[in-house]
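> sequence and predicted structure below; questions after.
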Amino acid sequence: MVNSCQSCSPCREGLEQYCEGPKGWTATYNGPQKPDGTNTYGGYSNNIIVSEKFVLRIPDNLDIKAVAPLLCAGITTYSPLRHWKVKPGQKVGVVGLGGLGHMAIKLAKAMGANVTVFTTSPQKKVDASRLGADDVVLSTDKEAMSKYELSFDYILSTIPTSHDINPYVNLLKRDATLTLVGALEPLEPGLNNSQVAFHRRSITGSLIGGIAETQEVLDFCAKHNIVSDVEIIPIQQINTAYERMLKGDVKFRFVIDMASLQQDSDQEIFS
Ligand SMILES: [Zn+2]
């Protein structure tokens, strides 16, 4: 996010990501710029000019290569964990172990929560434990899932596509909340509201975070020495990286070394 209207109620409250201005906020990537309508190119740009209100300070003690994903996967998971007030000792579930999920584990652990990861991939169990998860559950194992009914204070689903959330709703305690940060489309199958109503549970969504909170997550990560697990690539490998990303073959974010763009400036990169 590199701009917003700055005058609507959410913007005045530091929640620029929920800008209600007529043009909404401007995305860092592929966001039509005002007033000329050309697109932003985010991290693919050599440089970018933004209002000082949208500039963030990177703490000195963090490895800058691994900081980049904190500005997306980091804030996207930090903001709901904070908004729904995850506290030390609470039982938190993280559904899905990709770029968002791996940050959710690290951040929830740093907040003092007991973290359980739900995954469909047995081979991800080792990664989840290494990242700090207290428990890993194969979501395809119905018997294992049933042991966790009514036990979670909060669940964050990071699955980026439509999925069945009903098995996770059953795991929430009374009055507890499940937040979806990955899927931005209709859920299939639909939500069984009897599971929601009978225990007064809440199903919610959340979008990145405001600028002030994005600075907050950077400072929180500096304090707890948290960065993203990244694989650095030269820009010349971006198409291969894209194919690997589609297959889930990345631990856990690709980061482009922009010096490689400069080195290759006389050649055709995307041939
Ligand atoms: Zn606004």
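Done, it's in.
> from here on, contacts and neighbour counts on C-alpha atoms
Fine.
> if I've got this straight, residue 231 is in a strand?
Yes: according to DSSP: H, G, I helix; E, B strand; the rest coil, the state of residue 231 is that of a strand.
> residue contacts, residue 189?
Contacts for residue 189 (C-alpha atoms under 8 Å, 6 or more residues apart in numbering) come out as 163, 164.
> swap in 6 Å and give it another go.
When contacts are counted by C-alpha atoms under 6 Å, 6 or more residues apart in numbering, residue 189 touches residue 164.
> which bits of this protein sit near the ion?
Contacts of the chain with the ion, taken as C-alpha under 5 Å from the ion, map to 5, 6, 8, 11, 19, 20, 21.
> now, which of these lie within helices?
Taking DSSP state H, the ones among those that sit in helices are residue 11.
> from residue 90, how far off is residue 220?
Residue 220 sits at a distance of 19 Å from residue 90 (criterion: C-alpha to C-alpha, to the nearest Å).
> show me the longest strand that occurs in this protein.
Counting residues, the longest strand found in the chain (DSSP state E) is strand 172-180.
> run through the stretch 51-200 of the chain and note the low-pLDDT ranges.
For the stretch 51-200 of the chain, no stretch is flagged by pLDDT under 70.
> nearest residue to the middle of this structure?
When the chain is reduced to its mean C-alpha position, the nearest residue by C-alpha atoms, centre = their mean turns out to be residue 73, at 3.1 Å.
> how about the nearest residue to it, chain neighbours excluded?
For residue 73, the nearest residue in space outside its immediate sequence neighbours is residue 100; the separation is 4.8 Å by C-alpha to C-alpha, 6 or more residues apart in numbering.
> please put the alpha-carbon coordinates of the helix or strand just after the longest strand of the chain into PDB.
Next helix or strand after strand 172-180 toward the C-terminus (DSSP states H and E): helix 193-197. Taking only C-alpha atoms (Å, rounded to 0.1, in the frame of the first residue of the first chain), the coordinates of helix 193-197 have been written out as PDB:
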ATOM      1  CA  ASN A 193     -24.200 -21.800  10.700                       C
ATOM      2  CA  SER A 194     -25.500 -24.300  13.300                       C
ATOM      3  CA  GLN A 195     -21.900 -24.800  14.300                       C
ATOM      4  CA  VAL A 196     -21.500 -21.000  14.700                       C
ATOM      5  CA  ALA A 197     -24.800 -20.300  16.400                       C
END
